[in-house]
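# Fold the following for me, if possible:
(2 chains)
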Amino acid sequence: GEDVEQSLFLSVREGDSSVINCTYTDSSSTYLYWYKQEPGAGLQLLTYIFSNMDMKQDQRLTVLLNKKDKHLSLRIADTQTGDSAIYFCAETPPGYSSASKIIFGSGTRLSIRP
Amino acid sequence: DTGVSQDPRHKITKRGQNVTFRCDPISEHNRLYWYRQTLGQGPEFLTYFQNEAQLEKSRLLSDRFSAERPKGSFSTLEIQRTEQGDSAMYLCASSAVAGGNEQFFGPGTRLTVL
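Numbering: from 1, shown residues only, chains lettered A, B, ... in the order given. Purely as a prediction, here's the structure:
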C-alpha cells in the first residue's frame, strides 16, 4: 500500500543536530524525498535519494535510507532558527517515474529553541 | 521565470457553489500536478497531466472535481457543488520530464466553504 509515516513534532536546541525519521510501507518505492514547508510559502524540495543508495549528503543535510527496514531519515547539522518548518517525507510509488505521482507523509514540525 | 503561480490565493464560497482555480506552471514544464492539503496533513495527490493529457486521477477526485489543461500550458481545477469537506489548500506543481526529479510547487489556493 501507499503510506508514509512520520512523527508530528521535534524540538531541538539551536546549534544541535536534528534528526527527522520516516517509515514507508512499500519497499519497492523508487525515489524518496524530503520537502520543507515554511509558513506562507510553497513546498520546497530539499533533497531526494534513489532507492539503490543508502546515504546522500548535501551540505548540512544527510539522508540515510535503510531499505530493509523501510526507514528514511533526514539529519540537519548545526540547526538554525531558519530551519524551523514542517518537513515532509515523500515517496514515488513503484511503477511510477520520478517526475510523477508523489505520496507525502503528514509532516514533522521542527521547532528550534535558543 | 517566476515559478509556479496560482490564482486566486484565497477563495471563500458558500456550500453548493462552483469554484474554479487556475495554475500557471513554469514555462516549458510539460508535467503539471494538483494536490490537496488539509490542516495538519501532507499534500494528497489528485491528478497530473503530461502536456494536455490527463494521465492519472486519484480516487479522491470525486465526479464533482474536474481538471483540464487544454493547451498543455495552464491548468484549471473546478469543483462543482462545493461541500464543507472541500475546504483545503489546493496546490499545483510542475516538472520537466527530462531529468525531472523535482516538482516545483506553487503557493496554493486556500478554499473555505461556508
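# Report pLDDT for residue 48.
Answering for chain A, as no chain was given. Note on residue A:48: pLDDT of 91.
# hm, I was asking about chain B
We have a pLDDT of 93 for residue B:48.
# shouldn't it be in contact with residue A:100?
Yes: Residue B:48 is within contact range of residue A:100, at 6.4 Å (criterion: C-beta atoms under 8 Å). C-betas here are computed from N, CA, C, even on glycine.
# ok, now which ones touch residue 107?
Since no chain was named, I'll use chain A. A:6, A:8, A:37, A:86, A:87, A:88, B:40, B:41, B:42 (C-beta atoms under 8 Å, 6 or more residues apart in numbering or on different chains).
# Oops, wrong one, chain B.
A:40, A:41, A:42, B:5, B:6, B:9.
# helix/strand/coil for the fifth one?
Secondary structure state of residue B:6, per DSSP: H, G, I helix; E, B strand; the rest coil, is strand.
# What is the neighbour count of the closest residue to it other than its chain neighbours?
Here the nearest residue to residue B:6 in space, its sequence neighbours aside, is residue B:106; by C-beta to C-beta, 6 or more residues apart in numbering or on different chains that works out to 4.3 Å. Neighbours of residue B:106 under the rule other C-beta atoms under 10 Å in any protein chain shown: 22.
# Confirm that residue A:82 sits in a helix.
Yes: counting by three-state DSSP, residue A:82 falls inside a helix.
# More neighbours: residue B:48 and residue A:100, which one.
Ranked by neighbour count (other C-beta under 10 Å), residue B:48 and residue A:100 place residue B:48 first, with 28 against 21.
# roughly how far apart are that one and residue B:77?
According to C-beta to C-beta, to the nearest Å, residue B:48 and residue B:77 sit 12 Å apart.
# so what sits against both of the two?
In terms of C-beta under 8 Å, 6+ apart, residue B:48 and residue B:77 are both contacted by the residues residue B:34.
# Name the member of the contacts of residue A:107 with the most neighbours.
Busiest of the contacts of residue A:107 [other C-beta under 10 Å] is residue A:88, holding 27 neighbours.
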